[in-house]
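[1] The sequence and its predicted three-dimensional model are supplied below.
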Amino acid sequence: MSQSDLAKEIGVSLRTIQLYEKKNANIPIKNLTKIAAFFDLSIAELYLQEVNESEATYSKRKPFTKKGSVFYPLDHGKHLVMVPLVLTEYQKAFLDDLAENAQEKDTFQTGFIIDFLPDESLRAFEVTGDSMNNGSIEAIPNKAVVLGLKLQDKSLMDEDKTLWDKAYVLVCKDRIICKWVTGIDSEKKTMYCQNLNKSPEYQDFELSLNDILQAYTVIKQQL
């Protein structure tokens, strides 16, 4: 199998394949799916193959499912976790399922390496726009995919400062947004949301807690 064969199979240029292999370009989920199929692997197995070639090696322990994600044990206490992914184009369908209290249709998945086993569920989201891109180490640029750890519903009313002053994905009734949350006002039942990008077109605001269906702490991101 040559790079040109793979490029032809998934419909990209040879240069694109070379960038993928050097990790100089983000692989869109549709192309990742085609690459896995080309090698007759699942996406998880494709990730594991990449992990084997880096500093971590795959453990013989069996994978397990927890709160909708599949965990593949690695050495050194790490796990490859395959989590449901909400792409920008599927945000409306995701919100419709939540509104109807229907079973969520997690069509896509993506993988992250983590070094802990969370008690709450994980989910990945594709971020749209540059309101969170200020060029800093915390920046979340347009089209980044972030891994979110779900916040317990009761915590939305908690003024504990350790919960806040970090990036969150906020699943609202009519949209999904990524913002830097600095705290809440339990009396007004609002959340203080900021944009890392301080350009004039991005304004900070207060968001009603009643509009928030789910909240996820951003713990990792892929570009």
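    Received it, and whenever you're ready, just let me know what you need.

[2] Scan the helices and strands of this protein for the one with the lowest mean pLDDT.
    In the chain, no helix or strand scores lower on mean pLDDT, DSSP states H and E than helix 43-52, which sits at a mean of 66.

[3] right, and the helix or strand after that helix?
    With elements assigned by DSSP states H and E, the helix or strand that comes after helix 43-52 is strand 64-66.

[4] Who are the packing partners of that next one?
    Counting contacts by 3 or more CB pairs under 8 Å, 6 or more residues apart in numbering; DSSP states H and E, strand 64-66 packs against strand 69-73. To be clear about C-beta, it is placed using only N, CA and C from the backbone, and glycine gets the same treatment.

[5] Give me the sheet partners of the strand it packs on and which way each runs.
    Using DSSP bridges, strand 69-73 pairs in its sheet with strand 64-66 (antiparallel), strand 79-86 (antiparallel).

[6] now those strands as JSON lines including mean neighbour count and distance to T110?
    Below are the strands paired with strand 69-73 laid out as JSON lines (neighbours: other CB atoms under 10 Å; distance: least, CB to CB, whole Å):
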{"stretch": "strand 64-66", "mean neighbour count": "12", "distance to T110": "16"}
{"stretch": "strand 79-86", "mean neighbour count": "22", "distance to T110": "5"}
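
[7] Quick one: these as a markdown table, columns for distance to G183 and mean pLDDT too.
    Formatted as a markdown table, the strands paired with strand 69-73 follow (distance: least, CB to CB, whole Å; pLDDT from 0 to 100):
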| stretch | distance to G183 | mean pLDDT |
| --- | --- | --- |
| strand 64-66 | 30 | 91 |
| strand 79-86 | 26 | 92 |
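
[8] any chance of the ones you listed in a markdown table, plus distance to E120?
    Formatted as a markdown table, those follow (distance: least, CB to CB, whole Å):
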| stretch | distance to E120 |
| --- | --- |
| strand 64-66 | 10 |
| strand 79-86 | 12 |
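
[9] Tell me which of those approaches A36 most closely.
    The closest of the strands paired with strand 69-73 to A36 is strand 79-86. By CB to CB, the value is 11.7 Å.

[10] Quick check: what element follows that closest one along the chain?
    helix 91-99.

[11] Could you list the low-confidence segments of the protein?
    By pLDDT under 70, the low-scoring segments of the chain are 1-2, 20, 22-29, 39, 44-60, 102-106.

[12] mind listing the strands for it?
    With strands called from DSSP state E, the chain shows them at 64-66, 69-73, 79-86, 108-114, 122-126, 145-150, 166-172, 176-185, 190-194, 205-208, 212-222.

[13] What backbone torsions are found at P118?
    phi -70, psi 150 (degrees, to the nearest 10).

[14] quick one: it and K78, what's the gap?
    Distance, P118 to K78, by CB to CB, to the nearest Å: 13 Å.

[15] Next: T162.
    In terms of CB to CB, T162 sits 25 Å off from K78.

[16] out of these two, which sits in the more crowded spot?
    For T162 versus K78, the count of surrounding residues by other CB atoms under 10 Å is larger for K78: 17 against 7.

[17] Could you report the neighbour count for the residue nearest to the more buried one when sequence neighbours are not counted?
    If you skip the residues right next to it in sequence, K78 has D115 as its closest partner in space, 5.0 Å away by CB to CB, 6 or more residues apart in numbering. Applying other CB under 10 Å, we find 9 residues neighbouring D115.
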